[in-house]
Structures are given as structure tokens and as C-alpha cells.
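Engineer: task: produce atomic coordinates for the following.
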Amino acid sequence: MRSVGFDLGDTLIYYGGVTGGSFKEHFRSALVQICSALDIAAEAEFLQQGERILSGYNTREHPRDHEVTDTAIFASVLEAWRVDAVKVPVAVKAFFTYFQQTSRAYADTAASLRALKQRGFKVGILTDVPYGMNREFIMRDVAPIREYVDVLVTSVEAGVRKPRPEGYLMLAEKLQSEPQQMMYIGNEAKDIAGAVRAGMTAVLLDRDSARGDWNQRYTISNLLELEDLL
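Structural biologist: Below you'll find the model as predicted:
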């Protein structure tokens, strides 16, 4: 093994109060924050329209293999609200800032990544972003562990979402590693399926002892167990 790849959300970091990686239960609060940033009234009709549109892009309810940008998603929201599209960046910032207030790295993340770097491994991240989140906001999430990460690839940049293999292969190329020389760690079935399709050694991170079996090579309960596998 020359390189180690990771999923990001619910693997290396998490958003406090977001259950199962789904933003849906917080849509209304985030939309209210958008209205405030746009200096418009948070009318019930607006909030309902926004919730319907965002729900349509909820990949846990409506899986897709292609990616959509945050600009496209929030342009749809503002069009429904009859707000000028020039305000899309303001809406995007308000929405993601709402969630990133509670962004945290897991307690084992920094120590595990530091140990990998000390042993000479390259470290990369391939993440399916929520609601087309752009790289600027992803880098905010990664900031606490940025010094240990050599490469970051998002589903927006890859153009596809897991378990499509293209993002994994892009990550391998940027890390200058063959897929067969890489281990990939994630917490969901799609993480494992994509890694297997790309020819990587797939490792399931099972923090909750759910005991999923998705053809992973190894299963670990915390990131510090990686050292014993390499």
C-alpha cells in the first residue's frame, strides 16, 4: 500500500445534530437563515417551496449517480421565490454556514492521519458532497486536519457520486498511486462498493457496530485500528 483514501462525512468529520448524514430535518431552519441573509420575510409559502426543492435533491431519498452543483440547486430555490439569481452565492453561504457551525472532526481522526503520514503514506479524501457543496465550504470542514491531507476530490469535481468508480480513480491519479496500491475507508455501502469497483482495498468504518457486510476486505470500529492493517 502506498496511499490511503477516506470518505469525509461520518468518517473523518460529522455535523452535530445531523442524524444519519441527512440535512432534511434542518431544512426549515437553514431556509430561515437564507431568508435572513437575503433580507426577505421567511413566509410559510417560501419555506414550503424551499423544502420541496431541497427534498428533491436529497440523495438518501432520491439517489443519483451524477452530481449537481450548489449553484444549480439554490438557483432553483430563488427562482421559486422570485429572487434575482445574482443572490445565489448569498443563499449558498447562508445554507452551508448553518450546518458548518457544528462541524467537528472525530476524536480519532487527527491522530490516525498523523500516524499514516509519519509512516510515509499519502492521504486523500473522496467525498460525496451534500447539496452540491462547493470546494470552498468543504475546505472549511477539512481545515482542522488539512495538514495531513495530500489530495481532496469532491463529487462535484468528479461529476459523479459513489459508487461510480470515476471519483476513486481520480483520487488515485492525483495521489500518483495505482488503485491496487490503495486502501479506502468509508462508513456506507456506497463507499465500499465504489472502492471495490475501482480495485482498491475496501475498509468499512463501523463506529456503531452495525456489522454491515458489503464485500469489504476489513472492518474496523475506529480509525486507530488502521495501523494494524498496513
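
Engineer: care to break the protein down by domain?
Structural biologist: Segmentation of the chain into domains, based on automatic domain parsing, reads 3-15+104-228, 19-100.

Engineer: need the winner for burial among the ones you listed.
Structural biologist: Mean neighbours per residue, mean count of other Cβ atoms under 10 Å, is largest over the domains of the chain for domain 3-15+104-228, with a mean of 19. Where C-beta positions appear, they are placed from N, C-alpha and C, glycine not excepted.

Engineer: mean confidence for that one?
Structural biologist: For domain 3-15+104-228, the mean per-residue pLDDT is 97.

Engineer: what residues does residue 178 make contact with?
Structural biologist: Residue 178 is in contact with 2, 172, counting by Cβ atoms under 8 Å, 6 or more residues apart in numbering.

Engineer: verify the stated contact: residue 216 with residue 205.
Structural biologist: No. If you go by Cβ atoms under 8 Å, residue 216 and residue 205 don't touch, sitting 9.5 Å apart.

Engineer: and residue 170, how far from residue 139?
Structural biologist: To residue 139, residue 170 is 17 Å away according to Cβ to Cβ, to the nearest Å.

Engineer: any idea which element the closest residue to residue 227 other than its chain neighbours lies in?
Structural biologist: Excluding the flanking residues, the one nearest residue 227 by Cβ to Cβ, 6 or more residues apart in numbering is residue 115, at 5.9 Å. When elements are assigned from DSSP states H and E, residue 115 belongs to helix 109-118.

Engineer: how about residue 126?
Structural biologist: Assigned by DSSP H and E, residue 126 falls in strand 122-127.

Engineer: give me the residues contacting that strand.
Structural biologist: Strand 122-127 is contacted from outside by 2-9, 12, 113, 116-117, 138, 142, 148-155, 158, 162, 167-168, 170-171, 174-177, 184, using Cβ under 8 Å, 6+ apart.

Engineer: just how off-centre is it within its chain?
Structural biologist: 11 Å (Cα atoms, centre = their mean, to the nearest Å).

Engineer: would you map the strands across this protein?
Structural biologist: Using DSSP state E, the strands of the chain run over 3-6, 13-15, 103-105, 122-127, 151-154, 182-186, 201-205, 218-220.
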